[in-house]
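**Student:** next come a sequence and a model predicted from it.
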Amino acid sequence: MSELNGTWILESKENFEEFLKALGVGVILRKIAKNITPTLIIKGEGRKWSVKMTSSFKNLEYNFNLDEEFDDVTIDGRKVKCIFKLEGKKLITEQRDFKSKELISKIEKYVDEKGHMIEFLYAKNIISKRTFKRVN
């Protein structure tokens, strides 16, 4: 079992709107995303994982096997190829352009020494950091 398993609520964020802008997310969706406090529910054992995000705006759920690429549509309607990997204790998500396979974004999640889940989000030359606290 991963120490990422559990329910997490957003505590703080840095540079998040800039990250969304680098992805090409429109101004209205960026403003909405900037002002919500999502909850993440992560369940992982072996190769089978799920990541569920709930918020006052929209809910998302991914059920996946590690290291298996799948087709996805982002909240703002872009078609991407997505893959989740476990590297040490970090859950890595990569989104690639559906046609060119060029890397669009990379997200790393891990639990730090204080018990917070740290999420680094990368797009182009932008890095965003979000910190979550465990709910349960």
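**Tutor:** Received the coordinates, thanks.

**Student:** now the spatially most central residue of the chain: how far from Ile32?
**Tutor:** Centroid check for the chain by C-alpha atoms, centre = their mean gives Ile107 as the closest residue, at 5.6 Å. The gap separating Ile107 from Ile32 is 19 Å, by C-beta to C-beta, to the nearest Å. Placement of C-beta: from N, CA and C, glycine included.

**Student:** do the same with Glu94
**Tutor:** From Glu94 across to Ile32, the span is 24 Å (C-beta to C-beta).

**Student:** ok, which stretches of this structure are strands?
**Tutor:** 6-14, 39-45, 48-54, 60-65, 70-73, 79-87, 90-97, 103-111, 117-123, 126-134 (DSSP state E).

**Student:** which stretches of the protein aren't confidently modelled?
**Tutor:** 1, 136 (pLDDT under 70).

**Student:** still on that earlier bit, want to throw the strands of the chain into JSON lines with distance to Gly24?
**Tutor:** What follows is the strands of the chain, written out as JSON lines (distance: least, C-beta to C-beta, whole Å):
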{"stretch": "strand 6-14", "distance to Gly24": "19"}
{"stretch": "strand 39-45", "distance to Gly24": "23"}
{"stretch": "strand 48-54", "distance to Gly24": "20"}
{"stretch": "strand 60-65", "distance to Gly24": "18"}
{"stretch": "strand 70-73", "distance to Gly24": "14"}
{"stretch": "strand 79-87", "distance to Gly24": "12"}
{"stretch": "strand 90-97", "distance to Gly24": "11"}
{"stretch": "strand 103-111", "distance to Gly24": "9"}
{"stretch": "strand 117-123", "distance to Gly24": "9"}
{"stretch": "strand 126-134", "distance to Gly24": "12"}
